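Chemist: Build me a structure from this.
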Amino acid sequence: MRKRWLSELPIEVKLALPPDSTFLNAIFYEGLLYLLKNGLAETPTERNTIKIDDDAFDKAFKGISKVDQIHIVMSGNDNLNDKLPKLFKINKKTKKSFRELMILLSAEHKKLYGFREKIEISLLEKKKKIYLGSGAKEDGLTAQLFKVDRYTGFSSIETPYTSTQLTMHLSKEVTLLMLLGVYSSFVTTIRSEGKDSHYFALFSPDETQKFLMEDRRFVRSCLDIREAVKERFSEILHSRVNELLSIEVSMNLSLIKQMREEKIDKLSLLLFKINKEGQTYKIYEKIPLVIYREPIFLKILERTGKHPGRILERLDKALKPDSTFFRALANRNRNDHENALRAIIGLYRFVVAEDPQGWFIFLRELTNASLKCGSEADRRSYNFVLSGMT
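Modeler: Sure thing, here's the model as predicted:
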């Protein structure tokens, strides 16, 4: 690969909007991280400036795949499907769908050029309108999905906007970055009772800030681990086990091995659940998730003479969405459901809250579940897990 020189990186992005925990902010930075991971952007010595290849969006959208699962429709007065292609002289209009827009941009990736050489990323409020990114007023791009935070940062005693509807406009550069952010962080869509819930796994602001100063190998390793998080998160969601405790415990246990292989001490994420309500989108759940390479509960097991490696292996099998344990959690009509629920609460206390008593609760309730389950196959499954706990 030929070496890139700074003169070949004409898009200079000044980050006047530091990372925070809002969906809008995290999605924007997710797009930047996607470019960093793929070698399409470089961070210079200044902490608040990042330089992007002039053909970065061409290459990025050329390389996207598997967008069919992104079942997110546009809403209200969203104009991305019509106005964004026109800004790049793409004479096609898609349905009001993020998936269809991404497919179009991928097909027409060679037309993604003509960007501003210098861009400042900041939120500017003027006459009940918010502008994100240099040129946002001229480009005038809008999307309800990016307004789910409801104007965090403007609702304060110094401003009159606590109960006021504000219109947000995005520049074309910001919009492309946020579309890449959606593509990179989207987990799955779950339909229940006629409504769609969209799930995203985004990095916390402290992780994002750290990534902006790290080399590409480190960023790629962290994003690869996040892909494993998305895969397990999706499996849990489709298993219909709607227990936040199950999600946190399963993530912590399943990723320790990969964290050790990549030599990453900690990874901090934000899991979002977003639903469409009428002509708007709203955040229904926001779950912070922190995963450690060497969690305290492993040291507790080591001090008691246990074999952590074998225990992790058995627990990981027990917490797979197709396991007997997960099926018991998902089905309230099963005889072992209540014991399985108490067991996951105990395991949560041990793994996440670092309470040793939780381990004994987990073992007791798992044993009780094995005695109450309805089939010999399920009993063998429980006993297989229990046999690895000593």
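Chemist: count of neighbours near Glu294?
Modeler: 11 (other C-beta atoms under 10 Å). C-beta: built from backbone N, CA, C; applies to glycine.
Chemist: can you give me the strands for this protein?
Modeler: For the chain, strands defined by DSSP state E occupy the ranges 11-15, 41-42, 49-52, 118-121, 123-126, 129-132, 167-170, 186-192, 195-203, 266-277, 280-292.
Chemist: export those to JSON lines and tack on mean neighbour count and mean pLDDT?
Modeler: Below are the strands of the chain laid out as JSON lines (neighbours: other C-beta atoms under 10 Å; pLDDT from 0 to 100):
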{"stretch": "strand 11-15", "mean neighbour count": "19", "mean pLDDT": "90"}
{"stretch": "strand 41-42", "mean neighbour count": "19", "mean pLDDT": "88"}
{"stretch": "strand 49-52", "mean neighbour count": "20", "mean pLDDT": "90"}
{"stretch": "strand 118-121", "mean neighbour count": "19", "mean pLDDT": "91"}
{"stretch": "strand 123-126", "mean neighbour count": "14", "mean pLDDT": "83"}
{"stretch": "strand 129-132", "mean neighbour count": "20", "mean pLDDT": "86"}
{"stretch": "strand 167-170", "mean neighbour count": "20", "mean pLDDT": "88"}
{"stretch": "strand 186-192", "mean neighbour count": "16", "mean pLDDT": "92"}
{"stretch": "strand 195-203", "mean neighbour count": "20", "mean pLDDT": "94"}
{"stretch": "strand 266-277", "mean neighbour count": "18", "mean pLDDT": "92"}
{"stretch": "strand 280-292", "mean neighbour count": "16", "mean pLDDT": "89"}
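Chemist: Distance to Phe384 added to these, as CSV?
Modeler: Listed next are these as CSV, based on distance: least, C-beta to C-beta, whole Å:
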stretch, distance to Phe384
strand 11-15, 51
strand 41-42, 48
strand 49-52, 50
strand 118-121, 52
strand 123-126, 54
strand 129-132, 53
strand 167-170, 53
strand 186-192, 29
strand 195-203, 30
strand 266-277, 30
strand 280-292, 26
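Chemist: longest helix of this structure?
Modeler: Counting residues, the longest helix found in the chain (DSSP state H) is helix 216-238.
Chemist: shaky segments in the stretch 201-350 of the chain?
Modeler: By pLDDT under 70, the weakly predicted segments of the stretch 201-350 of the chain are 240-245.
Chemist: Which pLDDT value belongs to the nearest residue to Lys128 once chain neighbours are set aside?
Modeler: Among residues not flanking Lys128 along the chain, Leu166 sits closest, at 5.6 Å (C-beta to C-beta, 6 or more residues apart in numbering). Looking at Leu166, its pLDDT reads 70.
Chemist: Could you say which one of the strands of the chain comes nearest to Val249?
Modeler: Val249 lies closest to strand 280-292 among those, at 10.7 Å (C-beta to C-beta).
Chemist: Show me what that closest one packs onto, helices and strands only.
Modeler: For strand 280-292, the elements it packs on are helix 216-238, helix 244-262, strand 266-277, judged by 3 or more C-beta pairs under 8 Å, 6 or more residues apart in numbering; DSSP states H and E.
Chemist: which parts of the longest one are buried?
Modeler: Neighbour-count burial for helix 216-238, counted by 16 or more other C-beta atoms under 10 Å, picks out 218-223, 225-226, 229-230, 232-237.
Chemist: between the residues you listed, which is closest to Ile274?
Modeler: Leu237 (13.2 Å).
Chemist: From Ser197, how far out is the closest one?
Modeler: Distance of Leu237 to Ser197, given as C-beta to C-beta, to the nearest Å: 8 Å.
Chemist: Now do the shared contacts for those two.
Modeler: Residues touching both Leu237 and Ser197 (C-beta atoms under 8 Å, 6 or more residues apart in numbering): Ile190.
Chemist: need the contact list for the spatially most central residue of the chain.
Modeler: Nearest to the mean C-alpha position of the chain, by C-alpha atoms, centre = their mean, lies Ala201 at 1.2 Å. Contact analysis of Ala201 by C-beta under 8 Å, 6+ apart lists Ser185, Val187, Arg226, Val229, Lys230, Phe233, Leu269, Leu270, Leu271, Phe272.
Chemist: Now the last one. Nearest residue, chain neighbours left out?
Modeler: Read it as Phe272. Here the residue nearest Phe272, using C-beta to C-beta, 6+ apart, is Phe200, at 4.4 Å.
Chemist: Hmm, the one you found is touching Ser184, no?
Modeler: No - with contacts counted by C-beta atoms under 8 Å, Phe200 stays clear of Ser184, the gap being 9.5 Å.
Chemist: and Pro19, what is it in contact with?
Modeler: Counted by C-beta under 8 Å, 6+ apart, Pro19 has contacts Asn25, Ala26, Tyr29, Pro205, Asp206, Thr208, Gln209.
Chemist: that older thread, compile the contacts of Ala201 into a markdown table and extend it with columns for distance to Gly346.
Modeler: Conversion of those to a markdown table gives the following (distance: C-beta to C-beta, whole Å):
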| residue | distance to Gly346 |
| --- | --- |
| Ser185 | 32 |
| Val187 | 27 |
| Arg226 | 28 |
| Val229 | 23 |
| Lys230 | 27 |
| Phe233 | 22 |
| Leu269 | 24 |
| Leu270 | 26 |
| Leu271 | 22 |
| Phe272 | 28 |
